[in-house]
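Colleague: make a model of this:
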Amino acid sequence: MPSKPRIGITLGDVAGVGPEVAVKAVLTPAVTARCVPILIGDLSVVRYYAERLAPTRTLRAINRPAAAKTEASDLQVLDLKNIEFSSVRVGQVDVASGRAALEYIRTGVDLCLAKELDALVTGPIHKEAAQQAGINAPGHTEYLAALCGVSEVRMLLVVGHLRALHISTHLSLREALDCVTQERILKTIRYGVAALQQLRIGKGRIGVAGLNPHAGEGGLFGREEIEEVAPAVAAAQSEGLDVTGPIPPDTIFHRMNRREFDLVVALYHDQGHIPLKLMGFDSGVNVTIGLPMIRTSVDHGTAFDIAGQLTANPESMVNAIELACVMSSDEF
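Modeller: Numbering: from 1, shown residues only. So this is what the prediction gives:
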């Protein structure tokens, strides 16, 4: 019987819902049946939520992932002792919470790169708090890439059988349009092939969205499809890849929902985010493709408006952990 993967789970910004959904997820039998979940954060934060959500569960602080019990109902915490929950201003932007969140990420990355963890699942961080704490990156994804020494990655959103890989992420729409080039689209298609392999889907079928209404209508509504998208698709096809496009962006996700495609290449952030969040706002998973490690994440923010109220939905976190288990499995 294969050993369970050791999955690190960061608490995210402790002023938000990250710690709550992390604890709720680790209390889910489906999670503990598939992996050894290790919370990365501060014991005082986990204790606060554990006492309210599962007062009979034992909290266990560990100093290395190897010390985690593989068959245990304990909540196992890699305690960084970098913030005391009694000092946290729940629901508010705070530099101390942002600084702690970044340290959780750095620790998780270091342990993955050292092969002490099989995958990292990240809780939500607050961009303003992280910027105040010195993240020096536009967002979570870019920060992870910098920590791993990787110059280029791609963001993949997963909602059940729906998957969107973006050629760009946190840019203004004007800047994102400048990224719609044959070279970048072809490179993203190749990332898509790697993503499907990591998700244990195999070669898979990839659809590439057009940029303009009706995919340009033969040049009537723009020439990006003719000059950039179609040549990238043709180049991918010449490599033996199962790729179709450009496909009108108002129908491509409907076609994927009918299982014509295993993955859609989206040409800017909202083109992929809007349809997938519509289909699974509480259940989506964010995956970073191109890192030398496995990283999945919840696809929601810190939700300061409901932080500390014990009403946060853990479905996205549970799905992120389960997907990390699939990706770290040796079985294919």
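Colleague: now do the same for residue 1: its pLDDT.
Modeller: Per-residue confidence (pLDDT) for residue 1: 44.
Colleague: again, but for the one 4 residues further on
Modeller: The pLDDT attached to residue 5 in the predicted structure is 95.
Colleague: can you tell me the closest non-neighbouring residue to it?
Modeller: residue 118 (3.8 Å; C-beta to C-beta, 6 or more residues apart in numbering). (C-beta placed from N, C-alpha, C; glycine too.)
Colleague: for burial, what's the neighbour tally of that neighbour?
Modeller: Residue 118 has 24 neighbours, counted by other C-beta atoms under 10 Å.
Colleague: now do the contacts for it.
Modeller: 5, 6, 7, 35, 112, 294, 324, 328 (C-beta atoms under 8 Å, 6 or more residues apart in numbering).
Colleague: and it, how far is that from residue 234?
Modeller: As defined by C-beta to C-beta, to the nearest Å, residue 118 lies at a distance of 38 Å from residue 234.
Colleague: and what of residue 86?
Modeller: 61 Å.
Colleague: compare these two and say which is more crowded by neighbours.
Modeller: residue 234 (13 against 8).
Colleague: how about the more buried one, phi and psi?
Modeller: Main-chain torsions, residue 234, degrees, to the nearest 10: phi -60, psi -40.
Colleague: contact partners for it?
Modeller: The contact partners of residue 234, by C-beta under 8 Å, 6+ apart, come to none.
Colleague: swap the cut-off to 10 Å and go again
Modeller: Listed by C-beta atoms under 10 Å, 6 or more residues apart in numbering, the contact partners of residue 234 are 182, 186, 243, 245.
Colleague: now, those residues that are in helices?
Modeller: 182, 186 (DSSP state H).
Colleague: max pairwise distance over the contacts of residue 234: which two?
Modeller: Taking C-beta to C-beta, the two most distant members of the contacts of residue 234 are 182 and 243; they sit 13.2 Å apart.
Colleague: between the two, which one's more packed in?
Modeller: A direct count of neighbours by other C-beta under 10 Å for residue 182 and residue 243 places residue 243 higher, at 24 against 17.
Colleague: which residues touch the more buried one?
Modeller: Residues in contact with residue 243, defined by C-beta under 10 Å, 6+ apart, are 186, 189, 192-193, 204-208, 232-237, 261, 263, 265.
Colleague: which SS class is residue 93?
Modeller: Assigned state for residue 93: coil (three-state reduction, DSSP: H, G, I helix; E, B strand; the rest coil).
Colleague: surely it meets residue 132?
Modeller: Yes: applying C-beta atoms under 10 Å as the test, residue 93 and residue 132 come out as touching, 7.5 Å apart.
Colleague: any shared contact partners between those two?
Modeller: residue 126.
Colleague: who has more neighbours, those two?
Modeller: residue 93 (19 against 16).
Colleague: before we move on, the earlier item: and the contacts of residue 118 as CSV, adding neighbour count?
Modeller: Below are the contacts of residue 118 laid out as CSV (neighbours: other C-beta atoms under 10 Å):
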residue, neighbour count
5, 21
6, 22
7, 27
35, 25
112, 25
294, 22
324, 28
328, 20
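Colleague: next step: the residues you listed restricted to strands.
Modeller: Cross-referencing the contacts of residue 118 against strands under DSSP state E gives 6, 7.
Colleague: in CSV, list the contacts of residue 118 along with distance to residue 318.
Modeller: Output for the contacts of residue 118, formatted as CSV (distance: C-beta to C-beta, whole Å):
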residue, distance to residue 318
5, 15
6, 17
7, 12
35, 11
112, 20
294, 17
324, 11
328, 16
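Colleague: farthest pair within the contacts of residue 118?
Modeller: Once C-beta to C-beta is applied, the contacts of residue 118 give 35 and 112 as the farthest pair, at 13.9 Å.
Colleague: overlap in contacts, these two.
Modeller: What both residue 35 and residue 112 touch, as defined by C-beta under 10 Å, 6+ apart, is the set 6, 118, 119, 328.
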